[in-house]
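Student: Here you go, sequence then predicted model.
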Amino acid sequence: MLPFIRSDLARFTAYKPHPNSPSGKAVESSIALDRLDTNESPFDLPQELKEKLAWMYQHALESNRYPDGEHAQLKSAIAQYVNESAVLADAGFTSANISVGNGSDELIRSLLIATCLQGEGAILVANPTFSMYGILAQTLGIPAIAVARNPDNFEIDLTAAKLAIANEQNPPIRVVFVVHPNSPTANALTTAELEWLRSLPQEILVVIDEAYFEFSQTTVASELLHRSNWIVLRTFSKAFRLAAHRVGYAIGHPELIMTLEKIRLPYNLPTYSQAAAAIALQYRHTLLTAIPQILSERSKLMQVLTACPQFKVYPSMANFIFIQLQQDAIALETDSLNKLHQQLQASGTLVRQISNGLRITIGTPEENARTLERLLSVLSG
Ligand SMILES: *Cc1c(COP(=O)(O)O)cnc(C)c1O
């Protein structure tokens with residue numbers, strides 16, 4: 001290792017988007033594979049919207065100028081969308097409540113910098129959950145404390161979580177990260193979990209990641225108006241079909257939002273990505289018509305898999321499902337799971353193997369039919 005590099009970085013490896021994909025294969029370019037391992041929408045932006053963007057690129061957007069560093073137009077369109085989708089009619093969010101990031105990943109990193117850096121805090125997560133919180137924390141030298149979930153329904157072990165927070169450690173827990181609904185397990189926050197989050201003191205920031213909001217149609221956004229220690233993260237990478245453009249946003253108290261604005265890179269979001277997100281919001285009613293179809297495909301997939309005695313299928317509030325093998329011996333289970341995963345991949349379907357189960361993104365009807373066919377054929381073979 002080069003002698004000038006921070007010594008704690010030696011134990012990290014670079015993030016692999018498709019950790020268990022066929023070795024050496026560039027997954028992004030193998031269109032022949034059913035890519036059901038990263039929870040994107042299976043539907044590309046409609047041609048008509050791509051043409052609008054192409055027209056803007058050719059005639060309206062300046063490539064020689066820096067992007068709008070304040071994201072003014074986009075923020076105001078997002079605030080309007082959030083108001084529309086909050087449970088309270090006209091919640092009154094404005095641009096002052098919104099910060100936009102290069103994917104929500106950037107916002108997660110900014111939140112960590114704003115709260116825990118320089119030994120001021122640790123974060124709390126409940127595993128299994130989105131891995132990026134822990135990964136980004138550790139690359140900043142921020143301790144990530146993990147508690148478990150109930151293996152039957154994946155509710156957070158609240159006793160362990162309360163103990164971890166009460167534990168006088170140095171540095172203290174400053175941020176709790178939850179996903180609503182959680183990835184990879186697809187369950188939304190329960191009343192008990194929400195009550196616990198509401199009970200946390202002002203010194204602890206609660207980050208509620210609603211990456212799958214458009215699928216779950218459940219949000220805590222309206223509570224942000226009277227909880228200055230809560231922040232909601234959302235993204236254009238899933239239901240809005242813009243994963244390639246890297247746009248995420250945070251909704252929160254103006255003072256916290258202003259802090260995020262202070263520490264981000266000045267031109268964090270390319271002009272073209274800002275334009276794409278604005279167009280996606282403008283045409284949201286068209287884009288979001290795919291949601292009922294994805295949800296009905298999810299029910300079909302779950303119904304067939306639930307009827308297979310080999311699978312344990314968990315309820316889902318998102319555009320993916322989580323399944324495990326029904327077996328008593330864990331060692332055997334891991335082994336069979338590896339085999340199932342590898343054979344699925346060999347037959348052309350990529351899924352994510354995680355937490356002793358498989359997380360399967362809902363794809364197009366054709367992809368989902370192939371998923372079922374391949375899963376069942378591996379089982380019977
Ligand atoms: C997919 C996903 C995101 C989106 O991240 P981006 O950086 O906006 O693409 C955020 N949080 C969770 C839990 C996710 O699953």
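Tutor: Done, it's in.

Student: For Glu120, see how far away the residue nearest to Trp230 when sequence neighbours are not counted is.
Tutor: Leaving aside its sequence neighbours, Trp230 sits nearest to Val206 (C-beta to C-beta, 6 or more residues apart in numbering; 4.7 Å). For every residue, glycine as well, the C-beta is placed using N, CA and C. With distances defined as C-beta to C-beta, to the nearest Å, the gap from Val206 to Glu120 amounts to 17 Å.

Student: which one of the two has more residues nearby?
Tutor: Val206 (20 against 12; other C-beta atoms under 10 Å).

Student: per-residue pLDDT, that one?
Tutor: The predicted local confidence for Val206 comes out at a pLDDT of 98.

Student: Would you mind pulling up the elements that the helix or strand that it is a member of packs against?
Tutor: With secondary structure defined by DSSP states H and E, Val206 is part of strand 205-209. Contacting strand 205-209 under the criterion 3 or more C-beta pairs under 8 Å, 6 or more residues apart in numbering; DSSP states H and E are the following elements: helix 103-115, strand 173-179, strand 230-235.

Student: quick one, the following helix or strand past the longest one and strand 205-209 angle?
Tutor: Spelled out, it's helix 103-115. Using DSSP H and E, the helix or strand that follows helix 103-115 in sequence is strand 122-126. An angle of 40 degrees separates the directions of strand 122-126 and strand 205-209 when computed by axes from the mean of the first three to the mean of the last three C-alpha atoms, to 10 degrees.

Student: what's in contact with strand 122-126?
Tutor: Counting contacts by C-beta atoms under 8 Å, 6 or more residues apart in numbering, the residues outside strand 122-126 that touch it are 112, 116, 133-134, 137, 142-149, 156-157, 161, 164-165, 169, 171-178.

Student: Pull up the pairing partners for that strand, direction included.
Tutor: Sheet pairing of strand 122-126 (DSSP bridges) gives strand 144-147 (parallel), strand 173-179 (parallel).

Student: moving C-terminal of the first one, what's the next helix or strand?
Tutor: Using DSSP H and E, the next helix or strand after strand 144-147 towards the C-terminus is helix 158-166.

Student: what inclination does that following helix have with respect to strand 173-179?
Tutor: Relative orientation of helix 158-166 with respect to strand 173-179: 150 degrees, computed using the same axes, to 10 degrees.

Student: helices and strands around helix 158-166, which ones?
Tutor: Helices and strands in packing contact with helix 158-166 are listed as strand 122-126, strand 144-147, strand 173-179, helix 191-199; criterion 3+ C-beta pairs under 8 Å, 6+ apart.
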